[in-house]
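# with the sequence up front, the predicted model follows.
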Amino acid sequence: MGVSPVVATGVQPQSNNYKKAKEKLARIHLKVSRQRKDFAVKLAKCVIQSADLIAYEDLQVHNLVKNHKLAKSIGDAAWYQFRCWLEYFGNIYGKVTVAVPPQYTTVDCSSCGRQVKKTLSTRTHKCVCGAQLCRDENAALNILAKSLRTVGHTGIYAWGQNDLCLDLETS
Ligand SMILES: [Zn+2]
């Protein structure tokens, strides 16, 4: 979407080659989009089956998807799709999915709560309390701690409304 098929071939609009190129591109788009969906579904199901509680940052993806930078919006759309499947399978398997506010999950020390500022390139969290771990692991621990404290948003599907799952489960 948003990519002109003319760019790929340089052929004349409305010629047979143009139509063929356009159809070919449409098929590629469809294939990639199906592969992305397949991956999101499999990964979400795997994650849900591996834990009783799944916590993640409540990123405002709806706004991000409107972003005009193509690569970024594809990534955001994929993340949003993954999150939807996560909450969907959470409902089916009776697992709790919790979206927590994303603020300070990277900065806070998961051990003592002190704020440790980092640039994007700082990969290790090092705190005066002695905590030293990968920045993503530190953030994950903060997200988990937040999820255990929060009573906020838990999934997008209301409990008791999981009758839509049956056809998908058998496929
Ligand atoms: Zn600390």
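That came through, no problem.
# what residues does the protein have near the ion?
109, 111, 112, 114, 127, 129, 131 (Cβ under 5 Å from the ion). No exception for glycine: its C-beta is placed from N, CA and C like everyone else's.
# can you pick the most crowded of these?
The member of the residues of the chain next to the ion surrounded by the most neighbours (other Cβ atoms under 10 Å) is residue 109, with 20 neighbours in all.
# can you give me the distance of the residue nearest to that one when sequence neighbours are not counted to residue 110?
Leaving out its chain neighbours, the residue that sits closest to residue 109 by Cβ to Cβ, 6 or more residues apart in numbering is residue 127, at 4.2 Å. Per Cβ to Cβ, to the nearest Å, residue 127 is found 9 Å from residue 110.
# residues contacting stretch 125-138, please?
For stretch 125-138, the external contacting residues (Cβ atoms under 8 Å, 6 or more residues apart in numbering) are 106, 109, 110, 111, 112, 114, 116, 118, 122, 123, 124.
# swap in 6 Å and give it another go.
Contacts to stretch 125-138, defined as Cβ atoms under 6 Å, 6 or more residues apart in numbering, come from residues 109, 110, 111, 112, 114, 116, 123.
# so which residue is dead centre in this structure?
residue 79 (2.2 Å; Cα atoms, centre = their mean).
# just say helix, strand or coil for that residue.
Classification of residue 79 by DSSP: H, G, I helix; E, B strand; the rest coil places it in helix.
# from residue 36, how far out is it?
Taken as Cβ to Cβ, the span from residue 79 to residue 36 is 11 Å.
# now do the contacts for the nearest residue to residue 90 once chain neighbours are set aside.
Here the nearest residue to residue 90 in space, its sequence neighbours aside, is residue 97; by Cβ to Cβ, 6+ apart that works out to 3.8 Å. Going by Cβ under 6 Å, 6+ apart, residue 97 touches 54, 86, 87, 90, 155.
# just to be sure, residue 97 is in a strand?
Yes. The assignment for residue 97 is a strand, going by three-state DSSP.
# look up how far residue 141 lies from residue 18.
54 Å.
# just give me the neighbour total for residue 126.
If we define neighbours as other Cβ under 10 Å, then residue 126 has 15 of them.
# for it, list each beta-bridge partner.
residue 132 (DSSP bridges).
# how far away is it from residue 111?
Applying Cβ to Cβ to residue 126 and residue 111 gives a distance of 11 Å.
# shared neighbours of those two, which are they?
Counting by Cβ under 6 Å, 6+ apart, nothing touches both residue 126 and residue 111.
# would you turn the contacts of residue 97 into a markdown table with secondary structure and pLDDT?
Below are the contacts of residue 97 laid out as a markdown table (DSSP: H, G, I helix; E, B strand; the rest coil; pLDDT from 0 to 100):
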| residue | secondary structure | pLDDT |
| --- | --- | --- |
| 54 | strand | 94 |
| 86 | helix | 95 |
| 87 | helix | 94 |
| 90 | helix | 94 |
| 155 | coil | 53 |
